[in-house]
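Enquirer: model this:
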Amino acid sequence: MLVVGFIPFFTFGLGTWQLYRLKWKINLIDELEEKLQLQPLSLPRRINLDVIPEFVFRKVIMKGEWDHEHTMLLTPRVREGVHGAHVVTPLKRENGTTILVDRGFVSNEFAQDMAFQKDEGEVEVLGMLRTSQKRNSFTPDNLPEENKWFWTDVEGMANYAGGEKANVQPVFVEQIFEGHAGDAALYVEKGIPVGRPATVDLRNAHLSYVITWYGLSALTSFMFVRMLLKRRRSGVRRLPRYT
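Expert: Below is the predicted model of the structure:
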């Protein structure tokens, strides 16, 4: 009885906590969406790494040349049912420094032998600032010595591209694709990296957690009341009768 009586309060508390988390996540997504509406930034020569988290999802625009020799592939990736990889190539900027750019998705047909399109000469890139991914327990370790990458480790990728000696800054930008779905499909067929849309992709499952925990609280409350009533009725039946 004590255990069953405790569970409704515990699950109700978890539901309330998830409700606060839901409100926080909605506000965060709204804030990031507002950032995406701002004009693209022009990144300085030396970027203050400490403030990058404050500028995540901000659009940036830059010019430079691709360092195809240090291209990395993030695998495995899937786009609309097509298996492939994301092409991460260092961009040597006009000012002499280099940052990492996720150019976008290519299918395995082009990723396996690195046969995707490699633009030469100066290019202009519109993207959004991002940070390293949080690796989960199911994601394998990156193998830089074999150029095998499974998750975005900005520091490790920057070191692979040459590190401080080569003026490579651990700054990660995801290139934005502004075309239509038909254009994206054509790019994939031709082996042209397809960047990401200018949207916020933060996962927000807190509403389902709120419903789950509050539902469990209501169910266990019902079970507790039913057990309590059953126990009381059982106690009444056991009372001795006097004649």
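Enquirer: avg pLDDT for the longest strand seen in the chain?
Expert: For the chain, the longest strand by residue count, based on DSSP state E, is strand 82-93. For strand 82-93, mean pLDDT is 96.
Enquirer: how many other residues sit next to His180?
Expert: His180: 9 surrounding residues under other CB atoms under 10 Å. Quick note: C-beta positions are derived from backbone N, CA and C, even for glycine.
Enquirer: What of Met128?
Expert: Look at Met128: counted by other CB under 10 Å, it has 26 neighbours.
Enquirer: Also the one 10 residues further on?
Expert: Burial measure for Phe138: 6 neighbouring residues, criterion other CB under 10 Å.
Enquirer: Skip ahead from the longest helix along the chain and say which helix or strand is next.
Expert: Under DSSP state H, the helix in the chain containing the largest number of residues is helix 2-36. Counting by DSSP states H and E, the next helix or strand C-terminal to helix 2-36 is strand 41-42.
Enquirer: any idea of the mean pLDDT for that following strand?
Expert: Rounded mean pLDDT across strand 41-42 is 89.
Enquirer: Residues contacting that strand, please?
Expert: 55, 58-62 (CB atoms under 8 Å, 6 or more residues apart in numbering).
Enquirer: Also stretch 186-196?
Expert: Counting by CB under 8 Å, 6+ apart, 79, 82, 84, 86-87, 102-107, 109-110, 115-117, 127-128, 174-177, 179, 184 sit against stretch 186-196.
Enquirer: again, but for stretch 3-20
Expert: Contacts of stretch 3-20 (CB under 8 Å, 6+ apart): 206, 209-210, 212-214, 216-218, 220-221, 223-224, 227.
Enquirer: rerun at 10 Å
Expert: 25, 205-228 (CB atoms under 10 Å, 6 or more residues apart in numbering).
Enquirer: Report the buried residues of the one helix or strand Val188 maps to.
Expert: Using DSSP H and E, Val188 sits in helix 181-190. For helix 181-190, the neighbour count (16 or more other CB atoms under 10 Å) marks 184, 187-188 as buried.
Enquirer: same question, stretch 80-96
Expert: Those would be 84-93, for stretch 80-96 by 16+ other CB under 10 Å.
Enquirer: For those, give me a markdown table that also has distance to Arg46.
Expert: Putting the buried residues of stretch 80-96 into a markdown table (distance: CB to CB, whole Å) gives the following:
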| residue | distance to Arg46 |
| --- | --- |
| Gly84 | 34 |
| Ala85 | 31 |
| His86 | 27 |
| Val87 | 26 |
| Val88 | 22 |
| Thr89 | 21 |
| Pro90 | 16 |
| Leu91 | 16 |
| Lys92 | 15 |
| Arg93 | 11 |
